[in-house]
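Asks: Next come a sequence and a model predicted from it.
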Amino acid sequence: MADAIVVEGLWKTFRLAHYRPKSIKHAVLNFRRIRYEEIVALRDVSFRVRQGESVAVIGRNGSGKSTLLATLCRVYRPTRGSVRVEGRVAPMLELGGGFHPDLTGEENAYILCAMLGLDARATEERLPDIVKFAELEEFIDAPVRTYSSGMVMRLGFAIAVQIDPDILLIDEVLAVGDEHFQHKCLRKIQECQQRGKTVFFVSHDMNAVRRVTERTLWLDNGAVRRDGPTGEVVEEYLRVTAEEESE
Ligand SMILES: Nc1ncnc2c1ncn2[C@@H]1O[C@H](COP(=O)(O)OP(=O)(O)O)[C@@H](O)[C@H]1O
Ligand SMILES: [Mg+2]
């Protein structure tokens, strides 16, 4: 099978300005003294995902999972190293990513579908299925800022699966939905898998990880700590996390 995702020696660093000026005058006078902190979000990450493979990414908060996903769908550029993604990607980033709060659900659906490569007619054809899957029939003409986080995630997920991507990138989204919708999403993800799609899945829900993926990457402080069969990696992760908590 061909590769769907190839990541080689990937580093991503962010620069955070530390100094907060008290006034504009202060800022101008101290311009050269602004100190930056380098945050290393990803350190030398390498892996490959084959077409049709399903891979989970786990790790504690701040370990770099979202940064990795955002780099795969080109929201971020690598600081060093390379990322190759083959085929059409449907990103489901963290909440709100890609939505404009003042536009309606329907308007946002058109924009997001256009960004993902559908023209207006194709979007129009798929819109009823998107709205139905998202269970937003009564709200699709309301501005997205009036949506709950669960409604935003339902719309994002419905669009992502309806554009029929080669690769599904999913970041933590299941966590905000109610149980009924989580099950619906998991079934939809499994349906995508059966049709040979590649799934890249960030989650804190180890049951969902076990259900959806055969392989898991464990990110620890921006680096790959384990990359192996989901059963083994999840078991070790849970053991180490429990040990650290009891320390
Ligand atoms: N846009 C950003 N600017 C500065 N630092 C960031 C940014 N995004 C993430 N970080 C930092 O990078 C690290 C990894 O974050 P993230 O990828 O969100 O982790 P996770 O999704 O695993 O919780 C954290 O230390 C976080 O504070
Ligand atoms: Mg995250």
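Replies: Here it is on my side, so go on. Ligands and ions are numbered 1, 2, ... in the order given.

Asks: what does this protein put close to ligand 2?
Replies: In this structure, the chain approaches ligand 2 at residues Lys65, Ser66, judged by Cβ under 5 Å from the ion. Any C-beta I mention is one placed from the backbone N, CA and C, and that applies to glycine too.

Asks: give me the beta-bridge partners of the residue nearest in space to the middle of the chain?
Replies: Nearest to the mean C-alpha position of the chain, by Cα atoms, centre = their mean, lies Asp171 at 3.1 Å. In this entry, Asp171 is beta-bridged to Val202, by DSSP bridges.

Asks: surely it meets Ser66?
Replies: Yes. With contacts counted by Cβ atoms under 8 Å, Asp171 reaches Ser66, the gap being 5.7 Å.

Asks: Now Val234. Nearest residue, chain neighbours left out?
Replies: Counting by Cβ to Cβ, 6 or more residues apart in numbering, Met206 is the residue found nearest to Val234 once chain neighbours are left out, at 5.3 Å.

Asks: Roughly how far does Ala114 sit from Ile163?
Replies: 10 Å (Cβ to Cβ, to the nearest Å).

Asks: Do a quick rundown of the helices in the chain.
Replies: For the chain, the helices defined by DSSP state H occupy 24-29, 65-72, 105-115, 120-134, 149-162, 179-194, 206-212, 230-246.

Asks: which intervals of the chain have sub-threshold pLDDT?
Replies: For the chain, the stretches flagged by pLDDT under 70 are 19-20, 31, 34, 93-97.

Asks: And the residue of it that's closest to ligand 2?
Replies: Taking Cβ to the ion, ligand 2 has its nearest neighbour within the chain at Ser66, 3.2 Å off.

Asks: Surely that residue is in contact with Leu219?
Replies: No. Under the criterion of Cβ under 8 Å, Ser66 is not in contact with Leu219, lying 10.2 Å apart.

Asks: between these two, which one's more packed in?
Replies: Leu219 (25 against 20; other Cβ atoms under 10 Å).

Asks: and the gap between the nearest residue to the more buried one once chain neighbours are set aside and Ala90?
Replies: Of all residues not flanking Leu219 in the chain, Gly59 sits nearest, at 3.7 Å (Cβ to Cβ, 6+ apart). Distance, Gly59 to Ala90, by Cβ to Cβ: 23 Å.

Asks: got it, and Ser203?
Replies: 17 Å.

Asks: Same question for Val234.
Replies: For Val234, the distance to Ala90 - Cβ to Cβ - is 25 Å.

Asks: So between those two, which is more surrounded?
Replies: Neighbour count, other Cβ under 10 Å: between Val234 and Ala90, Ala90 has more, with 24 against 21.

Asks: need the contact list for the nearest residue to that one once chain neighbours are set aside.
Replies: Nearest residue to Ala90 in three dimensions, chain neighbours excluded: Pro165, at 3.4 Å (Cβ to Cβ, 6+ apart). Pro165 makes contact with Gly87, Arg88, Val89, Ala90, Leu116, Lys197 under the criterion Cβ atoms under 8 Å, 6 or more residues apart in numbering.

Asks: burial of the fifth one, as a residue count?
Replies: Residues within reach of Leu116, counting by other Cβ under 10 Å, total 20.

Asks: Can you give me every residue that contacts it?
Replies: Listed by Cβ under 8 Å, 6+ apart, the contact partners of Leu116 are Arg88, Val89, Ala90, Ile159, Ile163, Pro165.
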